[in-house]
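In: Please work out how this folds:
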Amino acid sequence: MTNQVFRWPIRILFIDTDASGRIHYTCLFRYFEAAEIEFFRSIGAEHHYTEIGFPRVHVECDYRAAIRCDDVLVIEVSVGRIGNSSIELRFRVLKGEEEAAKGRVVVASMDRNTQRATAIPDGFREKLLPYVAI
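Out: The predicted model follows:
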């Protein structure tokens, strides 16, 4: 169960499919990243071009159903564990009522100048809390 979930609708592009006619396995991560950016934007927690960056340190995805060109999906974003300097983002991909995929991305809070891990800013952390899975 989750407090709040961000939902982002998308349509799969032909360019993101492979010879089998299904989404290329790497492309779903780009859709995850786009959903992440829209999620952060929606809660006023944009971090682009600031002194802190959030590089990916772990990614995973389980594909549960075929995803094809022109499929309309909804990507749900919620927050798993929030550490001192890392955030676990959870993604659930719905094709109609069916769960077509689910994934997890861990990002680390990094000082862009030193390229070292740094604490997640309190204001940023507070904006994530309503979306933490419980």
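In: residue contacts, Asp111?
Out: Glu51, Ile52, Ala117, Thr118 (Cβ atoms under 8 Å, 6 or more residues apart in numbering). For glycine as for every other residue, the C-beta is placed from the backbone atoms N, C-alpha and C.
In: For those, give me CSV that also has pLDDT and distance to Leu128.
Out: Shown next, in CSV, are the contacts of Asp111 (pLDDT from 0 to 100; distance: Cβ to Cβ, whole Å):
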residue, pLDDT, distance to Leu128
Glu51, 86, 19
Ile52, 88, 14
Ala117, 96, 17
Thr118, 95, 16
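In: These in helices, which ones?
Out: Using DSSP state H, no member of those falls in helices.
In: Please narrow the residues you listed to those residing in strands.
Out: In strands, judged by DSSP state E, the following of the contacts of Asp111 are found: Ile52, Ala117.
In: buried subset of the contacts of Asp111?
Out: Buried members of these, scored by 16 or more other Cβ atoms under 10 Å, are Ile52, Thr118.
In: Closest to Glu76 out of the contacts of Asp111?
Out: For the contacts of Asp111, the residue nearest Glu76 by Cβ to Cβ is Ile52; the value is 25.3 Å.
In: so what's that closest one closest to, chain neighbours aside?
Out: Ser109 (5.8 Å; Cβ to Cβ, 6 or more residues apart in numbering).
In: The lowest-mean-pLDDT helix or strand in the chain pairs with which strands?
Out: The weakest-scoring helix or strand in the chain, judged by mean pLDDT, DSSP states H and E, is strand 52-53 (a mean of 88). Strand 52-53 has the following sheet partners, assigned by DSSP bridges: strand 110-111 (antiparallel).
In: count of neighbours near the residue nearest to Ile52?
Out: Residues near Ser109, counting by other Cβ atoms under 10 Å, number 21.
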